[in-house]
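**Student:** predicted structure and sequence below. I'll ask about it afterward.
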Amino acid sequence: MKKMMIGGLIALILFGHSVWASDTALLDQIKKKFPNTPIDSVRPAAIAGLYEVTSGRNILYIDKNLRYALFGGMIDIETGINLTDARMLEINKIDVSKLPLKNSITLGTGKKHIYIFSDPDCPFCQKLHPELSHLKDVTIHVFLYPVKELHPNAFYHAVAVWCSIDQKAALDQIFAGKLVEDKVCENPIGDNVALGHELQITGTPTTIFEDGTMAVGYLQTEAFQARIDGKNPERVAGSSAGMIIKETK
């Protein structure tokens with residue numbers, strides 16, 4: 001995807017300065033010419049002379065002469081905030097009201113809510129799970145999200161957890177690295193996988209917070225709680241580690 005995006009944008013640059021004009025017809029032509037590189041928005045960046053281009057969940061910067069393209073984080077040195085991460089949080093927000101909670105396992109009864117897509121065989125999910133019990137005033141909705149490309153048996157383990165008499169105990173057991181008795185019942189695991197693909201979740205664990213922003217990977221309790229409480233989200237929104245799903249067409 002990234003190679004296609006870069007290739008498309010290099011060709012896009014060759015169109016010249018007219019791309020920055022508010023010419024809807026021209027933008028439509030560009031989108032048609034590069035169907036695999038959807039250009040969602042173009043706007044001035046924080047640095048004079050640079051423009052921010054968003055394509056799906058990707059951000060890059062192009063200079064006003066349309067000669068140079070930059071990938072990577074733009075950091076405000078005075079505040080220490082990664083402006084690119086902050087923008088990514090904004091454009092990648094999820095409408096949590098549309099998440100099908102009936103397909104999740106609910107832990108806790110706190111006023112605040114988080115939603116975690118977790119693979120039962122993912123080492124970082126296993127590392128994260130014990131941290132959840134230390135979070136304060138939060139209800140946790142765990143969507144079992146097996147990644148077959150990385151863990152061939154994860155789907156069956158997810159089904160076994162869901163079909164257990166005590167789902168919460170089974171969840172603790174599987175994330176402790178222990179086997180759960182195989183059981184089969186009507187389950188939402190396939191729906192969870194489809195939902196994760198729709199939301200473009202490409203790593204586990206992925207946490208969605210109440211404001212719709214996401215964090216991919218393992219977060220320690222202190223950083224996790226800070227994010228839940230809305231403190232410095234730009235600094236703790238990224239992952240410290242996680243399992244990245246290989247992209248497939």
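**Tutor:** Structure received. Just so it is clear, the model here is predicted, and its values are computed rather than measured.

**Student:** correct me if wrong: P44 contacts Y51.
**Tutor:** Yes - between P44 and Y51 there is a contact under Cβ atoms under 8 Å: 5.9 Å. All C-beta atoms are positioned from the backbone trio N, CA, C, and that covers glycine.

**Student:** ok, these two, which is more surrounded?
**Tutor:** Y51 (17 against 12; other Cβ atoms under 10 Å).

**Student:** just checking, that one touches S41?
**Tutor:** No - at 10.0 Å, Y51 does not count as touching S41 under the criterion of Cβ under 8 Å.

**Student:** under the pLDDT cut-off, which ranges of this structure? List them.
**Tutor:** 1-35, 37, 64-67, 232-249 (pLDDT under 70).

**Student:** show me where it has its strands.
**Tutor:** 41-44, 50-55, 58-63, 69-70, 75-76, 81-82, 105-107, 112-118, 138-144, 203-204, 206-209, 214-216, 243-244 (DSSP state E).

**Student:** the second one pairs with which strands, and in what direction?
**Tutor:** Right, the one you point to is strand 50-55. Note on strand 50-55: by DSSP bridges, its sheet partners are strand 41-44 (antiparallel), strand 58-63 (antiparallel).

**Student:** check the fourth one too.
**Tutor:** When pairing is defined by DSSP bridges, strand 69-70 lines up against strand 58-63 (antiparallel).

**Student:** just the buried positions in the strand it pairs with, please.
**Tutor:** For strand 58-63, burial by neighbour count (16 or more other Cβ atoms under 10 Å) applies to N58, I59, L60, Y61, I62.

**Student:** and what of stretch 100-112?
**Tutor:** Quick answer for stretch 100-112 (16+ other Cβ under 10 Å): N103, S104, I105, L107, G108, K112.

**Student:** ok, now stretch 50-57?
**Tutor:** For stretch 50-57, by 16+ other Cβ under 10 Å, it's L50, Y51, E52, V53, T54, S55.

**Student:** and which of the buried residues of strand 58-63 is nearest F155?
**Tutor:** N58 (29.0 Å; Cβ to Cβ).

**Student:** any figure for the gap between the closest one and K98?
**Tutor:** Look at N58 and K98: by Cβ to Cβ, to the nearest Å, they are 23 Å apart.

**Student:** so who does H113 touch?
**Tutor:** Taking Cβ atoms under 8 Å, 6 or more residues apart in numbering, we find H113 in contact with V96, V138, T139, I140, H141, E210.

**Student:** mind doing that once more with 7 Å?
**Tutor:** H113 makes contacts with V138, T139, H141, E210, as judged by Cβ atoms under 7 Å, 6 or more residues apart in numbering.

**Student:** of the residues you listed, just say which sits nearest to P123.
**Tutor:** H141 (21.7 Å).

**Student:** excluding its backbone neighbours, what's nearest the closest one?
**Tutor:** Take H141 and drop its neighbours on the chain: the residue closest to it by Cβ to Cβ, 6 or more residues apart in numbering is S104, 4.1 Å away.

**Student:** the one you found touches L144, doesn't it?
**Tutor:** No - at 8.1 Å, S104 does not count as touching L144 under the criterion of Cβ atoms under 7 Å.

**Student:** D119: what's it in contact with?
**Tutor:** The neighbours of D119, taking Cβ under 7 Å, 6+ apart as the test, are C125, Y145, P146, V147, H151, A154, T204, M243.
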